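Q: this one's sequence-less:
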């Protein structure tokens, strides 16, 4: 609030109209007439046209009025110039020093404002307002303990001063003394239920306490006074996010983008709320708007990429990851996601190149080594795939997928000893690891070791792998080991799972023939030929 020791108290210097004392009075009268009608711009034009190279008392009157109107119009830099000139005319005037401080404060020049307010106090200004102003500057300078002293000094003069009480509560809140601060805000609100500053700070304080019921309560009270108040809508959005009510969060965030359309956080939060509500397409629109406001907003680009991925829009996801990677080129996770998206897009060679670069620049990136190993394995480069999976296990010794693929790579290199050792190590930790059992069964068949292969097949069955293939292979291995009753049982089980399994019918017939059940064997052979006629080829040879 500007203080006055005459009719007006703010100013600047532009025009050059000669002025005698009576002429100054007439011009001031014109300016006042405009001001009374609410025509501030017209009043200011009159005042800025007055030459201030006149008697000091007239110059002070003009500069005071000019600065006052400039301040009201929010032209704080111009007001600062007027008050600086006024302070030169009357250097020991406490009022102008105070108003000079207010202009500096509104320009966020808090250290300079602090000095000006203290000067006004030393020049004899009424102490209440300077103490409050000094405390406010100290708060902005993060000197909340000193600020408290200033507000307490003001409250000694006027215990019920709302500005002083509010300032003290803000200082306590800054110092994380939430209970004391809340008590003062409530005291203010009890006397003045429409105290917007106290409602806003109670929203903020309740958010700091994570008391979202109170956040909602104070936000709703603020909206009754000031519809579309940013602090209220932000509080309601935060409360909705806290209780995971994403449709409500989306609604509040949407209102925020309408009230303040150029605020990045509002669009980003709208994207999050929409995505969490299952509105992926709408989330993309919000994230895209956020990136238009802040092109370097890495999380908006990342979330945009994730949303495009969810919709299967891999080219758009790739573009978003590329932009994020340009913003943070040292983030290995972004480089990996980019490569993974490229791989899923079908550009396998390019993806492999990206994984190689990432693995070289960031050897600790286990995921890059894993994908690189997988692609090398797919292209039958078994030595390179083994090296990649070995690097995976250096980063994470217990990594089942890497261990299985490493075992497979060794097996493809005919290094069965290392393949078995790798997979058996996994089985010690996870006795029912299906892929490890399958790999060991395949290796046993390659060596060949039918007894061991059958053992692994039986372990697969015990682990719940009652598939036609496992049952059939168990029957085949039992047949080769001359365990014919077991073989017949496995073949019959395979046919229970897959009745049209022609090979199981054929081999069951062979086993039954040896066991002396020729009629039943013949029935199975006929059924096999009816199911799969091509099995008849070579019969007469």
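A: Alright, I've got the coordinates. Note that this is a predicted model, so its numbers are computed, not measured. Numbers count the residues shown, from 1 in each chain.
Q: Okay, helices next: where are they in the stretch 401-541 of the chain?
A: 416-429, 434-446, 450-462, 468-480, 484-497, 502-514, 518-531 (DSSP state H, counting those that start in this stretch).
Q: among those, which is nearest residue 235?
A: helix 416-429 (50.0 Å; Cβ to Cβ). All C-beta spots, glycine's among them, are computed from the backbone N, C-alpha and C.
Q: Just the angle for the closest one relative to helix 434-446, thanks.
A: Going by axes from the mean of the first three to the mean of the last three Cα atoms, to 10 degrees, helix 416-429 is angled at 150 degrees with respect to helix 434-446.
Q: Mean neighbour count, mean pLDDT and distance to residue 220 added to the helices of the stretch 401-541 of the chain, as a markdown table?
A: Output for these, formatted as a markdown table (neighbours: other Cβ atoms under 10 Å; pLDDT from 0 to 100; distance: least, Cβ to Cβ, whole Å):
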| stretch | mean neighbour count | mean pLDDT | distance to residue 220 |
| --- | --- | --- | --- |
| helix 416-429 | 17 | 95 | 56 |
| helix 434-446 | 21 | 93 | 56 |
| helix 450-462 | 19 | 94 | 62 |
| helix 468-480 | 22 | 95 | 63 |
| helix 484-497 | 20 | 96 | 63 |
| helix 502-514 | 21 | 95 | 71 |
| helix 518-531 | 16 | 94 | 73 |
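Q: TSV for those helices, including distance to residue 294?
A: Putting the helices of the stretch 401-541 of the chain into TSV (distance: least, Cβ to Cβ, whole Å) gives the following:
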stretch	distance to residue 294
helix 416-429	47
helix 434-446	45
helix 450-462	55
helix 468-480	55
helix 484-497	58
helix 502-514	64
helix 518-531	66
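Q: Let me know which of these is the nearest to residue 343.
A: helix 434-446 (21.3 Å).
Q: Remind me what that closest one packs against, helices and strands.
A: Secondary-structure packing of helix 434-446 (3 or more Cβ pairs under 8 Å, 6 or more residues apart in numbering; DSSP states H and E): helix 400-412, helix 416-429, helix 450-462.
Q: Flag every buried residue along the first one.
A: Neighbour-count burial for helix 400-412, counted by 16 or more other Cβ atoms under 10 Å, picks out 402-412.
Q: Just name the closest of the residues you listed to residue 454, please.
A: residue 411 (18.5 Å).
Q: what's the spatially closest residue to that closest one that is not a sequence neighbour in contact with, if anything?
A: The spatial neighbour of residue 411 that comes closest, neighbours along the chain excluded (Cβ to Cβ, 6 or more residues apart in numbering), is residue 419 at 4.1 Å. For residue 419, the contacting residues are 407-408, 410-411, 439, 443, by Cβ atoms under 8 Å, 6 or more residues apart in numbering.
Q: With distance to residue 86 as extra columns, can I get the residues you listed in a markdown table?
A: Listed next are the contacts of residue 419 as a markdown table, based on distance: Cβ to Cβ, whole Å:
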| residue | distance to residue 86 |
| --- | --- |
| 407 | 87 |
| 408 | 86 |
| 410 | 88 |
| 411 | 91 |
| 439 | 89 |
| 443 | 94 |
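Q: follow-up on the earlier one: would you turn the buried residues of helix 400-412 into TSV with pLDDT?
A: Output for the buried residues of helix 400-412, formatted as TSV (pLDDT from 0 to 100):
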residue	pLDDT
402	96
403	96
404	96
405	96
406	97
407	96
408	95
409	96
410	96
411	95
412	95
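Q: quick one, helices of the stretch 251-400 of the chain?
A: 264-276, 280-293, 298-310, 314-327, 332-344, 348-361, 366-378, 382-395, 400-412.
Q: between the contacts of residue 419, which is closest to residue 513?
A: For the contacts of residue 419, the nearest to residue 513 is residue 443 (32.0 Å; Cβ to Cβ).
Q: Surely the closest one and residue 410 touch.
A: No - between residue 443 and residue 410 there is no contact under Cβ atoms under 8 Å: 9.0 Å.
Q: list residues touching both of the two?
A: By Cβ under 8 Å, 6+ apart, the residues touching both residue 443 and residue 410 are 416, 419.
Q: to the chain's geometric centre, what's the distance from stretch 98-108?
A: From the chain centre to the centre of stretch 98-108 is a distance of 37 Å (Cα atoms, centre = their mean, to the nearest Å).
Q: Over to stretch 482-496?
A: Stretch 482-496 sits 58 Å away from the centroid of its parent chain (Cα atoms, centre = their mean).
Q: ok, and what's touching that stretch?
A: By Cβ under 8 Å, 6+ apart, stretch 482-496 touches 466, 468, 471-472, 474-476, 478-479, 501, 504-505, 507-508, 511-512, 514-515.
Q: Export the helices and strands packed on helix 434-446 to JSON lines and append columns for distance to residue 223.
A: Output for the helices and strands packed on helix 434-446, formatted as JSON lines (distance: least, Cβ to Cβ, whole Å):
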{"stretch": "helix 400-412", "distance to residue 223": "53"}
{"stretch": "helix 416-429", "distance to residue 223": "58"}
{"stretch": "helix 450-462", "distance to residue 223": "64"}
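Q: Quick one: low-confidence residue ranges for this structure.
A: 1-21, 52, 541 (pLDDT under 70).
Q: what's the domain layout of it?
A: Domains of the chain are assigned by automatic domain parsing as 398-465, 476-541.
Q: Could you export those domains to TSV, including columns for distance to residue 365?
A: Converted to TSV, the domains of the chain look like this (distance: least, Cβ to Cβ, whole Å):
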stretch	distance to residue 365
domain 398-465	13
domain 476-541	42
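Q: so which of the contacts of residue 419 comes closest to residue 371?
A: Nearest to residue 371 among these, with distances taken as Cβ to Cβ, is residue 408, at 15.5 Å.
Q: The closest one against residue 378, yeah?
A: No - contact criterion Cβ under 8 Å: residue 408 and residue 378 do not qualify, at 11.2 Å.
Q: from the chain's centre, how far out does stretch 219-231 sit?
A: On Cα atoms, centre = their mean, the centre of stretch 219-231 falls 26 Å from that of its chain.
Q: Touching stretch 508-516 from outside, list them.
A: By Cβ under 8 Å, 6+ apart, stretch 508-516 touches 475, 479, 484-485, 487-488, 491-492, 495, 518, 520-525, 528.
Q: How far does stretch 446-456 sit from its chain's centre?
A: Counting by Cα atoms, centre = their mean, stretch 446-456 is centred 53 Å from the centre of its parent chain.
Q: can you check stretch 69-81 too?
A: 40 Å.
Q: Same question for stretch 259-271.
A: Per Cα atoms, centre = their mean, the centroid offset for stretch 259-271 relative to its chain is 13 Å.
Q: do stretch 493-511 as well
A: 57 Å.
Q: i'd like the first residue to be 30 from this point on
A: Understood, numbering begins at 30; the last thing we discussed is stretch 522-540.
Q: What separates the first and last residues of that stretch, distance-wise?
A: Terminal residues of stretch 522-540 lie 14 Å apart, using Cα to Cα, to the nearest Å.
Q: Tell me the buried residues in stretch 239-248?
A: So stretch 239-248, judged by 16+ other Cβ under 10 Å, has buried residues 240-241, 243-248.
Q: between those, which is nearest residue 275?
A: residue 241 (14.4 Å).
Q: so that closest one touches residue 272, yeah?
A: Yes - counting by Cβ under 8 Å, residue 272 is a contact partner of residue 241 at 6.6 Å.
Q: Count the neighbours of residue 96 for me.
A: Applying other Cβ atoms under 10 Å, we find 32 residues neighbouring residue 96.
Q: Which secondary structure state does it sit in?
A: helix (DSSP: H, G, I helix; E, B strand; the rest coil).
Q: Any figure for the gap between the closest residue in space to residue 106 that isn't next to it in sequence and residue 120?
A: The shortest distance from residue 106 to any non-neighbouring residue, by Cβ to Cβ, 6+ apart, is to residue 136 (6.5 Å). Between residue 136 and residue 120 the computed distance is 21 Å (Cβ to Cβ, to the nearest Å).
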